[in-house]
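Undergrad: Provided below are the primary sequence and the corresponding predicted coordinates.
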Amino acid sequence: QVQLVESGGRLVQAGGSLRLSCTLSGLSFSPYAMAWFRQAPGTDREFVATITWGSGITDYADSVKGRFIISRDSAKNTVYLQMNGLKSEDTAVYFCGAATKITLVPRLWDAYDEWGQGTQVTVSS
């Protein structure tokens, strides 16, 4: 059974930093890509960042570019999201997704077929 477990979300003050972690288990091969999406109350799930597992190529939403860094540790099957310069608008539940097949549209949530349960990030202003 494939499982994604996120951790690291908490309450933080504006301007602060957090690092989210997501560990993948139960997959007998490496994913094509992993990503972070977020969802604030009353909004759709929004793309944040993605990393292609093999090449390490990354892509970011404009709203987080220059502040967030996605990385992966292949030995631990873990993807990280380092979030710096947090703003109140970053408040959301952050979800980790894994794409088990090649995708040409890694910014779309339906490119990912395995999801974690989410971790809450709250930024106080």
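TA: Happy to help now that I have it. Numbers count the residues shown, from 1 in each chain.
Undergrad: And the residue nearest the centre of the chain, how close does it get to residue 88?
TA: For the chain, the residue nearest the mean C-alpha position is residue 36 (2.0 Å; Cα atoms, centre = their mean). Distance from residue 36 to residue 88, counting by Cβ to Cβ, to the nearest Å: 18 Å. The way it works is simple: take the backbone N, C-alpha and C, and place the C-beta from them, glycine included.
Undergrad: got it, and residue 75?
TA: Residue 75 is 36 Å from residue 88, by Cβ to Cβ.
Undergrad: Check residue 11 too.
TA: 12 Å.
Undergrad: shared neighbours of the two, anything?
TA: Both residue 11 and residue 88 are contacted by 123, 124, under the criterion Cβ atoms under 8 Å, 6 or more residues apart in numbering.
Undergrad: Any regions of this protein where pLDDT drops low?
TA: When residues are selected by pLDDT under 70, none of them lie in the chain.
Undergrad: surely the residue nearest to the centre of the chain meets residue 19?
TA: No. The pair residue 36 and residue 19 fails to qualify as a contact (Cβ atoms under 8 Å) at a distance of 11.6 Å.
Undergrad: tell me, what's touching the two both at once?
TA: residue 81.
Undergrad: and the strand or helix carrying residue 36, which strands flank it?
TA: Assigned by DSSP states H and E, residue 36 belongs to strand 33-39. Within its sheet, strand 33-39 is paired with strand 46-52 (antiparallel), strand 92-99 (antiparallel), according to DSSP bridges.
Undergrad: Next, format the ones you listed as JSON lines and append mean neighbour count.
TA: Formatted as JSON lines, the strands paired with strand 33-39 follow (neighbours: other Cβ atoms under 10 Å):
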{"stretch": "strand 46-52", "mean neighbour count": "22"}
{"stretch": "strand 92-99", "mean neighbour count": "23"}
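Undergrad: mind putting those in a markdown table, distance to residue 105 included?
TA: Below are these laid out as a markdown table (distance: least, Cβ to Cβ, whole Å):
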| stretch | distance to residue 105 |
| --- | --- |
| strand 46-52 | 10 |
| strand 92-99 | 10 |
